[in-house]
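Visitor: predicted structure and sequence below. I'll ask about it afterward.
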Amino acid sequence: MFDNLPNEVTVFEVGPRDGLQNESKHIETADKVALIEAVARAGLKQIEVTSFVSPKWIPQLADGAQVVSALTLPADVSISALVPNLKGYEAAKASGLKQINLFLSASEAHSKKNINKSVAEAINTMKEVADAALQDGMRLRCYVSTVFACPYEGPVSISAVLKVVEGLVAIGVHEISLGDTIGAANPLQVKQVLDALRGLISFERLALHFHDTRGTALANVVAGIESGVTIFDSSLGGLGGCPYAPGASGNLATEDLVYMLHGMGIRTGIDLSSLVEAGALAQKLLGKELPGRYLRAELAARAKACAKVGAE
Ligand code: HMG
Ligand code: MG
């Protein structure tokens, strides 16, 4: 174990989309913008800033176009948005984005609940959007949800995952992110799925997207690194969830991921203390404590220090 650790990995921040989509408290556009800019200040170079889905399905992110147009970010920060169909694609393109992130599920029941389509219909829709987007010179990522387990069907077979990934490779997406939508996977399963995918897609084009419902996300990242993956999705403060996946909790917290990677000597380009500032802002905006362990520990330590100063 740990013979071939990479020098560097890419952390793909999904908090402003995967995190906020699940929050019932309305967040103002200007506050979303401030949060995304704080994340970028911490050194994140890949940020999924919103989605262009039906506002009836995800009301919190109905202001996607306004968010994108209000952002002021360094030139080396790449932003993107989640897109389910051509309508969403046209809106994302009009907003000026150069990358879109498609999504579909490996399991039928989640596919139906999340986008009202069968898996086969979803692949057809993804192809339709991909054809247009590739023609326009867009960069294309696609999430595969329920890779390890489905909230409605239980365990998902590796052959179902392979079929979807094969379809996406044929469509020509640049990057595929494998989602543990309900945070049920363990490191052995991660290895087994990745072993099955070897040869089908270059691992440089593969990302892993773990929710941390059962506390296995960091262990799963290590399994992914061991198998050769170097792109990991995570969310500020551990925000996140899918409103159409009951039981799903937050994503792996970006701070927890970065803390572990830096400790292992793997560079991310991210400054942890600036990330904690961004996490503190997220807590303030949402009016609640976020689940990320590193963030909670750091903020608790600061609160103690403040109390001490106040007492003197
Ligand atoms: P539908 O109701 O079957 O769609 O929804 P429709 O084509 O019949 O359209 C219904 C209405 O929505 C129409 O408006 C359309 O114009 C409108 P109406 O005539 O009723 O006024 N509409 C749109 N409006 C804005 N933007 C659009 C759009 N498309 C249609 N793009 C649909 C199908 C896919 C639209 C819907 O199911 C949907 O938006 N689903 C998205 C759900 C979602 O965002 N889920 C969370 C993200 S996935 C996730 O979190 C997992 C991930 O993190 C990875 C992991 O963890 O595994 C990515
Ligand atoms: Mg997710």
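Guide: Noted; the coordinates are in hand. Numbering: from 1, shown residues only. Ligands and ions are numbered 1, 2, ... in the order given.

Visitor: relative to residue 213, how far out is the residue nearest to residue 148 when sequence neighbours are not counted?
Guide: Closest residue to residue 148 apart from its sequence neighbours, by Cβ to Cβ, 6 or more residues apart in numbering: residue 185 at 3.8 Å. Bear in mind the C-beta positions are built from the backbone N, C-alpha and C, glycine included. Distance of residue 185 to residue 213, given as Cβ to Cβ, to the nearest Å: 10 Å.

Visitor: ditto for residue 222
Guide: From residue 222 to residue 213 the distance is 18 Å (Cβ to Cβ).

Visitor: higher neighbour count, those two?
Guide: Each of residue 222 and residue 213 has its neighbours counted (other Cβ atoms under 10 Å); residue 213 has more, 21 against 17.

Visitor: let me know the secondary structure of the more buried one.
Guide: coil (DSSP: H, G, I helix; E, B strand; the rest coil).

Visitor: contact partners for the residue nearest to it when sequence neighbours are not counted?
Guide: Spatially, and ignoring its direct neighbours in sequence, residue 213 is nearest to residue 183 (2.9 Å; Cβ to Cβ, 6+ apart). Residue 183 makes contact with 210-214, 216-217, 248-249 under the criterion Cβ atoms under 8 Å, 6 or more residues apart in numbering.

Visitor: what do you get for residue 278?
Guide: So residue 278 contacts 35, 38-39, 41-42, 236 (Cβ under 8 Å, 6+ apart).

Visitor: contacts for stretch 81-96?
Guide: 17, 48-54, 64-65, 68-69, 97, 100-103, 115, 125, 128-129, 132-133, 136, 138, 143.

Visitor: pLDDT value on residue 108, please?
Guide: Looking at residue 108, its pLDDT reads 98.

Visitor: meant to ask about residue 279, not that
Guide: 97.

Visitor: using the three-state scheme, assign the residue nearest to residue 213.
Guide: Assignment for residue 183 (three-state DSSP): coil.

Visitor: this completes my enquiry, with thanks.
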